[in-house]
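Colleague: What follows is a predicted structure for the sequence shown.
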Amino acid sequence: MHKILVAAVAACLVVVVLFSGCGGTTTGSSEASAGTDATTAPAGTAAADSQGGQLTGDPIVIGAVVSTTGPNAPLGEPERMALELFEKQINAAGGVLGRPLDVVVLDDQSNAKEAVTATQRLLQQEKAVAVIGASGSASTLAMKAITAQAGIPQIAMAASNNITSEPPSDWIWRVAPKDDLAVERAVSHVAEGLRVTKIAVLYDENAFGSSGLAQIEKVKDRYGIEVVAKESYKTDETDLTAQLTKLKGSNPEALIVWGTNPGPAVAAKNLKQLAWDIPYVGSHGIANAKFIELAGEAAEGVTFPTTKILFPESITDPEQKALIEKLITDYTAEFGQAPNHFSSHGWDGIAVLVAAIEQAKSTEPAALQAALNGLTDFTGADGIFTYTATDHDGLKVDDLIMVRVEGGKWALAQ
Amino acid sequence: MTFEQLLQYIFSGLTSGSIYALTALGFTLIYNATGLINFAQGELVMLGGLSAVGLYQAGLPLPVAFLGSLTIVLIVTVLFQQLAIRPLLSRGVLAQVIATVGASLALRTAAMMIFGREALPLPAFSGDTPIRIFGASLNPQTLWVVGSTLLIVLALQLFYRRTLTGKAVRACAVNPLAARLMGVSYSNVVLLSFAVSGAISAAAGVMITPISFMTYSSGALLGLKGFAAAALGGLGNPVGAVVGGVALGILEGLGVGLVSSGYKDAIAFVILLLVLFLRPQGIFGGKAVEQE
Amino acid sequence: MSGGTSSRVSRFVPRNWSFAVLAVAVLLVPAFTRDTYILSIFAFMATRFMVVVGLWLLLGLAGQISLGHAAFVGLGAYGSAILVTRADVNPWLALVMSAVLAAAIAGLIGIPTLKLKGHYLAMATMGFGEIIHILLIQLKGLTNGTDGITGIPPLSLGPLNFSDPRLYHLLVWVVALIFFLLALNLTNSRLGRALQALRRSEVAAQSLGVDTSWRKLQVFMLSAVAASIAGSFDAHYVQFVSPDSFTLNVSVILVCSVVIGGFRSVWGAVWGTLLITILPEIIKRFNEDAVNLVFGLLIIVIVVLLPVKSGPLARLQLLLRGRERL
């Protein structure tokens, strides 16, 4: 009989979990002050013209699953910060539909299983009306099955093509430029900017890198480009001279490196060490100040595609330019560092949802779905979004630019 | 494959291999005293590298940052040994191994919270100008790593063979009970081994960072490769650790050259398994001793 | 492990009583909650429990360590995913086929590997795990590389559709509990006694006529089957698999669960699974970034303060259970 007690203790622990629900890490501050007219504040332009007085009504809860720990943490951290900034600003400007916005951000530790439990928690315990996430493709795909089954809108921030295609789901939209846009931008730069045809590809073995390679293989024929060699590496690999030596043996005319820091920086330094003078085209994964800091002089001349947040001067659309300049100012003031394109994914993820809620004047899933599918020419930090019932990707190739590192700074490449 | 390429693959392997060797040395020391595989070894290397970056970015000159990082890791290692390993000494290796797993999780996360999530660089000790030999090129920082590895191995060999304390450590490795009966303080030997292992790991971290940068998560791969190198060479043998590390690195380099970079780790592990099946105690290991 | 028929019977009854209580408690959970968050924690706990029980038999009973069991979980998950989505095999058949494959692979690599001892065994199993992980990434035609396989359908059986989380809870826990009951009974079987003997001293066991290599291989294959079935269940539940769920880290945490629970009896697997699953969920409520910092420190504290064979927890258990086998 004695083990009954053991089992009873186990049951007690279960009860602890049962009742420990409700009240996750709420990033928002409830001291948000209210504007008077709720519907006038469009996402980005809502400034801190607060007039005192509390926002009334139940908060509108939007859940987010990002990777603030684990290998995807460099992506998830800026996403989380942008979400916090947005929440703070919109609540200062009158909230959403006159109700305060509550963004609940959970960490998935860059792990698909954790993303599943986190999403369930957001839907069940936090009563989120929509979810944003995740930082990595694997977690996003794991979440997708849940949101599709529950019929809850999900805004994805990861790049893998599968997210909006296979298997089809009516409940997922994407704010990040998907892989083929960035790849197309980079490959068109090789074909039209550098005017060469033989390329070598060095890619990270993770989902980001291998998806990049797959897209390169897909679009290469359209640009008359031949992939003469391809090699891979692990994100934390110590030395890439062996891979580069092998690639060099095939005499390519340009090198595409598809990965996120620090691998591409190691590659840049190793290229210099091998004295191999070849045009280096990177991915949007190195579109940040970190790459220049890591690679130092070896970063000179590297070109890569990026959304326009890195280079507001290049923006022609005045509304987007104003939005990005304000985002850069506010974000830098709040966090002491400039936003990168992961920050803009976070910002757009919540902005798109809030726009849909305001348009639908409701938080009902079906109304949100209709509003998201009808979203046209919405100005975000990543670009101008237009979703339809069949296109859940929103962005176009024009939303990306090519940037070159010159004198430790960025310059427009075309 | 041209001769130049072959040489370059070997040099590339030497760069990674010397890094693995330096990490493997840390494993060896602790294994020798306790028969314990320290799963936090890679994290100690990572902590060494990141502490040096932190101190260097705070404005200290590189040599001072180096010493400071050594001190920090030494303190962490000694604290860990005193608080977690010491009470477990009588309780078998497995409990101690699990404690090191806990330490690796804790150190990795603490480093993330202190140093952030992005990779951090450190300038090379003697510039970035590569050394060219027969058309292949070698990073001068690699020579620092190779040189210090050799120096440490030599010092360890002298210590183990020529000094009384060193002989006491070896005695503990062979038979802790007998050593204790001969008046050797087992727990002091373990403490000493952890301290030296921590210092070597910190030095490894500082020297690796200019080559490959350092992130809070770098420790996992370094630990895995270091353990593999140590097992390949024969656990507990410093010379074996170095030979194992360099062999592993060169295998990987040639794996890229001859097969494909995606499979290079698989090739290295297959060969490691074959070596273990044929010679279960590693290349340089002594007679297989049953570990409880 | 005293023999005697009478003492075996007298222990058999209370053991099954506590098993019954555990089973009823766990299976009643869906009656109290519809919260899919809690049910998803239980769902992952069930599959982890299966793997941990299997590993307990290997490590706790036979004294053989494996740092590569995530690979067997991966084989099950990918086996099911590939067979079901590409070849349209019935999911249950795919689950069995994957388990057979895992057993076969365990048998193949077990023959040379289980000859190794201690850390060399740890290294070899770790190497095996890494090789499988690399193959999952590199065999793109089969596994779709790091992108993983999407669109794995939820399990169903006739009119029962297990996409209902409460139904799935019942299914996965029934399977896990059956496996646990098997393990409970196994410890006192011929195989169980042989394994305990060889854990103490392989030479002594051999001299008593125990075919130690075969026995070790048997339990290794058994634990691989458990891991594989758990992997298949997870794959159908998450409806997605990718290689980063089957890393060395996962294997190490599984071994931690076994050691923390203790080698005293298979019930250690219950404790270990519970602690390793629930502690992080609780820590998360306070600080998400620091989860693994606190969790890592707690592992150390648990190992130092609550030793496996003697110490506060063991004494408490002893007190609770009246008597204990060692």
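Modeller: Nice, thanks for sending it over. Every value quoted in this text rests on a predicted model; they were computed, and no experiment measured them.

Colleague: make it CA atoms for all contacts and neighbour counts henceforth
Modeller: Will do.

Colleague: Chain A against chain B: which residues are in contact?
Modeller: Taking C-alpha under 8 Å from any C-alpha of the partner chain as the criterion, the neighbours of chain B within chain A are A:69-71, A:73-74, A:205, A:231-233, A:236-243, A:245-246, A:261-262, A:266, A:273-274, A:290, A:293-294.

Colleague: And chain A, what are its domain boundaries?
Modeller: Following automatic domain parsing, one gets these domains for chain A: A:57-177+A:329-396, A:180-311+A:399-412.

Colleague: Now do the end-to-end distance for the first one.
Modeller: Looking at domain A:57-177+A:329-396, the gap from its leading to its trailing residue is 38 Å under the measure C-alpha to C-alpha, to the nearest Å.

Colleague: any chance you could map the strands in the chain?
Modeller: I went with chain A, as the question did not name one. In chain A, the strands defined using DSSP state E lie at A:60-66, A:101-107, A:130-133, A:154-156, A:172-174, A:198-204, A:226-233, A:254-258, A:280-281, A:303-307, A:378-379, A:384-385, A:400-406, A:409-412.

Colleague: think we crossed wires, I meant chain C
Modeller: C:149-150, C:156-157, C:160-161, C:240-241.

Colleague: Mean pLDDT and distance to residue A:201 for the ones you listed - can I get that in JSON lines?
Modeller: Formatted as JSON lines, those follow (pLDDT from 0 to 100; distance: least, C-alpha to C-alpha, whole Å):
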{"stretch": "strand C:149-150", "mean pLDDT": "88", "distance to residue A:201": "24"}
{"stretch": "strand C:156-157", "mean pLDDT": "88", "distance to residue A:201": "44"}
{"stretch": "strand C:160-161", "mean pLDDT": "86", "distance to residue A:201": "45"}
{"stretch": "strand C:240-241", "mean pLDDT": "91", "distance to residue A:201": "26"}
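
Colleague: Pick the most deeply packed of the ones you listed.
Modeller: strand C:240-241 (a mean of 30; mean count of other C-alpha atoms under 10 Å in any protein chain shown).

Colleague: What about residue 274, how many residues nearby?
Modeller: Went with chain A since none was named. Residue A:274 has 21 neighbours, counted by other C-alpha atoms under 10 Å in any protein chain shown.

Colleague: um, chain B though
Modeller: 16.

Colleague: about what we covered before: near chain C too, which of the residues of chain A next to chain B?
Modeller: A:69, A:205.

Colleague: Generate a PyMOL selection restricted to the buried entries among the residues of chain A next to chain B.
Modeller: To isolate the buried subset of the residues of chain A next to chain B in PyMOL, counting by 16 or more other C-alpha atoms under 10 Å in any protein chain shown, use the following:
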select buried, chain A and resi 69+70+71+73+74+205+231+232+233+236+237+238+239+240+241+242+243+245+246+261+262+266+273+274+290+294
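
Colleague: Mark which of the residues of chain A next to chain B are part of helices, please.
Modeller: A:73, A:74, A:241, A:242, A:243, A:245, A:246, A:266, A:273, A:290, A:293, A:294 (DSSP state H).

Colleague: picking up where we left off before, go through the domains of chain A and name the closest to residue C:220.
Modeller: domain A:57-177+A:329-396 (25.9 Å; C-alpha to C-alpha).

Colleague: Quick one: name the residues of chain B near chain C.
Modeller: So chain B meets chain C at B:37, B:84, B:87-88, B:91, B:94-95, B:98-110, B:113, B:227-228, B:231, B:262-263, B:265-266, B:269-270, B:272-273, B:276-277, B:280-281, B:290-292 (C-alpha under 8 Å from any C-alpha).

Colleague: Run through the helices of the stretch 101-250 of chain C in chain order.
Modeller: Here the stretch 101-250 of chain C has its helices, by DSSP state H, counting those that start in this stretch, at C:118-138, C:140-143, C:165-186, C:190-200, C:202-207, C:212-238, C:248-261.

Colleague: circling back to that earlier point, including distance to residue B:57, could the strands of chain C go into TSV?
Modeller: Listed next are the strands of chain C as TSV, based on distance: least, C-alpha to C-alpha, whole Å:
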stretch	distance to residue B:57
strand C:149-150	44
strand C:156-157	58
strand C:160-161	58
strand C:240-241	41
